[in-house]
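[1] below: sequence and its predicted model.
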Amino acid sequence: MKFKNILPVLFFFAVACTSPDKRSVFDAGGQKPITSFLSKKLNTISILFGNQLALESAKTRRVHQSGEEFTLVTWNQQNKEFWYPALINGRIKSIEVVKLSLSNNQIRHEYKLVKGAVPSNNSHIRFSERERVDFILSHKASVFP
Amino acid sequence: MQALNRNTRNKIVIIIALVIFIGLSVQFASPKFSNPPVTSNIKVPDNVSAVLRKGCYDCHSNESKLSWFDKLAPVSWIVASDIKEARSRFNLSQWNDLPPADQQVKFWEMINMAENGKMPLPSYLRFHPDAKLSSSDINVLKKYAQRFINSKIGDTAELNKEEREYKAYIISNSTNVKRPTSLNGIRYSDDYKNWEVIAATTRFENGTMRIIYGNDIAVNAIEQGEIDPWPQGSVIVKVVWNMIEDKDGNIRAGSFNNTQWMVKNDQQFPDTKGWGFARFNGINLLPYGKTASFGKACFNCHKLVKETGYVFDLPAKIE
């Protein structure tokens, strides 16, 4: 093999060896965390994000109104490297979105599963969409002083 | 030729004599070792005690057992300095000098330092290989430490505290007028509430859960993989809540515990690789730390994660 033929190979290894570890930060699309919860049995952690209207309703527990948008992101938990026994969010397991709009003077709930499968209960039975909407809307905001 | 050899031989003899003379002389300047009285030895089962005695007691107790070569200068100077530092971090012979909560924090720190090969110090192990802790030794410590993990299912006191804080929170206008400043100059700001979330962590060992935010500089550094070192101006904020657990193992964020800050500024924080640490406790966000140098204690644990620029909590790598 001529020397010049080796160069692309060497270049590949040089790039492979120096390539930084890229990581992806979850893009909440401008929504803010409302609260967080986890399941020991399913080994998951979730953050409920919301737009300003959703944040306000979760904070004041007023009647839900049109325009509220919620995003519930659930990750599988994994062991935190270098610190036993802490856990950290790993791969995303599911992303669910609930949007509230007005239809014939009634609040309409639009549920969309953006990623993964509809979550199950502790007995691994899948929740219905209605149950998921109720669950997502049931949370009160955590205290952010 | 023979004369030259004799000259060389004489020089060697003189050099050896000089080395012996200096070697003996420095012994007079060697530090005197002392083992202060044992006031409150850590109370643990025998198998746990055996592991601690094997790996920790020579430096982190008042029962240091030194080898003859540890007492010879100049090694003795290094040993004396290491023991002094070790006893100041925690002393297993004066264990009750630490409040119970801090004792648990130190115990987890011991486990993680041992598991990650930082303790016993590699330089110490070179001459004291018997002190090396095996994975089964570390498992003994881990098993013992499970007693510190208490899940308080339906904890009424915590539920009431959370409800009180929540009620106060909803009548506030949620813009924080308080802007406390930590002793090292780090100032609390509500700005983090508009930043991206970079991770969420669970700490069963102290009953807390956290959401971790990064400012634009930090988020960009994470996404580009340029975190060793992190760029100037990176700021990471952890928001910490106490856990509320139900009987089905569902846990939610309860009362507010604290916010923890890491601020990258090489000029301001040269002793901790450019990272400044701050913590603001409770809903009144009271700055933590009695002296401005409290960040060194934070950094002692963050040293474990040198390869991620001294930051523990990051999103999973892209595969």
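    That came in fine, so what should we check first?

[2] so where's the chain shaky on pLDDT?
    In the absence of a named chain, this looks at chain A. A:1-19 (pLDDT under 70).

[3] actually chain B
    In the prediction, chain B carries residues with pLDDT under 70 at positions B:1-4, B:24-29, B:173-177.

[4] 50 instead, please
    Residues of chain B meeting the criterion pLDDT under 50: none.

[5] which parts of the chain are helices?
    By default, I'm working from chain A. A:3-18, A:52-60, A:129-137 (DSSP state H).

[6] try chain B instead
    Under DSSP H, chain B gives helices at B:2-27, B:46-55, B:57-60, B:75-89, B:100-115, B:122-127, B:135-145, B:156-171, B:216-224, B:295-302.

[7] now these as JSON lines including distance to chain A and mean neighbour count?
    Every residue, glycine included, has its C-beta placed from N, CA and C. Putting the helices of chain B into JSON lines (distance: least, C-beta to the nearest C-beta, whole Å; neighbours: other C-beta atoms under 10 Å in any protein chain shown) gives the following:
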{"stretch": "helix B:2-27", "distance to chain A": "40", "mean neighbour count": "10"}
{"stretch": "helix B:46-55", "distance to chain A": "15", "mean neighbour count": "17"}
{"stretch": "helix B:57-60", "distance to chain A": "19", "mean neighbour count": "22"}
{"stretch": "helix B:75-89", "distance to chain A": "18", "mean neighbour count": "16"}
{"stretch": "helix B:100-115", "distance to chain A": "6", "mean neighbour count": "18"}
{"stretch": "helix B:122-127", "distance to chain A": "17", "mean neighbour count": "13"}
{"stretch": "helix B:135-145", "distance to chain A": "7", "mean neighbour count": "16"}
{"stretch": "helix B:156-171", "distance to chain A": "5", "mean neighbour count": "14"}
{"stretch": "helix B:216-224", "distance to chain A": "5", "mean neighbour count": "19"}
{"stretch": "helix B:295-302", "distance to chain A": "8", "mean neighbour count": "17"}
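
[8] any chance of the ones you listed in CSV, plus distance to A:Phe82?
    Listed next are the helices of chain B as CSV, based on distance: least, C-beta to C-beta, whole Å:
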stretch, distance to A:Phe82
helix B:2-27, 40
helix B:46-55, 19
helix B:57-60, 21
helix B:75-89, 18
helix B:100-115, 7
helix B:122-127, 17
helix B:135-145, 14
helix B:156-171, 29
helix B:216-224, 17
helix B:295-302, 9
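
[9] B:Gly254 is nearest to which of those?
    Among the helices of chain B, the nearest to B:Gly254 by C-beta to C-beta is helix B:156-171 (4.2 Å).

[10] give me phi/psi at B:Ile318?
    phi -80, psi 130 (degrees, to the nearest 10).

[11] right, and it touches A:Pro20 too?
    No: with contact defined as C-beta atoms under 8 Å, B:Ile318 does not count as touching A:Pro20 (10.7 Å).

[12] now for whichever residue of chain A sits closest to chain B: which residues touch it?
    Using C-beta to the nearest C-beta, the closest approach of chain A to chain B is made by A:Pro20 at 2.7 Å. The contact partners of A:Pro20, by C-beta atoms under 8 Å, 6 or more residues apart in numbering or on different chains, come to B:224-227.

[13] between the helices of chain B, which one is nearest to A:Val97?
    helix B:216-224 (22.1 Å).

[14] show me the contacts for the nearest residue to A:Lys99 once chain neighbours are set aside.
    Leaving aside its sequence neighbours, A:Lys99 sits nearest to A:Glu110 (C-beta to C-beta, 6 or more residues apart in numbering or on different chains; 4.5 Å). Residues near A:Glu110 by C-beta under 8 Å, 6+ apart: A:97-101.

[15] in a markdown table, list the residues you listed along with neighbour count.
    Formatted as a markdown table, the contacts of A:Glu110 follow (neighbours: other C-beta atoms under 10 Å in any protein chain shown):
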| residue | neighbour count |
| --- | --- |
| A:Val97 | 19 |
| A:Val98 | 24 |
| A:Lys99 | 17 |
| A:Leu100 | 20 |
| A:Ser101 | 14 |
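
[16] among those residues, find me the one that's closest to B:Pro31.
    Ranking the contacts of A:Glu110 by separation from B:Pro31, with C-beta to C-beta as the measure, puts A:Val97 on top at 66.4 Å.

[17] ok, and the closest non-adjacent residue to the closest one?
    A:Lys112 (4.6 Å).

[18] could you do A:Ala86 as well?
    Counting by C-beta to C-beta, 6+ apart, A:Ala86 lies nearest to A:Lys80, which is 4.0 Å off, once chain neighbours are set aside.

[19] OK, contacts around the one you found?
    Neighbouring residues of A:Lys80 by C-beta under 8 Å, 6+ apart: A:86-88, B:201, B:312-313.

[20] now with 10 Å, please.
    A:86-90, B:199, B:201-203, B:312-313 (C-beta atoms under 10 Å, 6 or more residues apart in numbering or on different chains).

[21] if we can go back for a sec, tell me the spacing between the residue of chain A closest to chain B and B:Gln224.
    Counting by C-beta to C-beta, to the nearest Å, the gap from A:Pro20 to B:Gln224 is 7 Å.

[22] equivalent analysis for B:Asp130, please.
    Computed with C-beta to C-beta, the distance linking B:Asp130 and B:Gln224 is 46 Å.

[23] try B:Lys178
    Counting by C-beta to C-beta, the gap from B:Lys178 to B:Gln224 is 35 Å.
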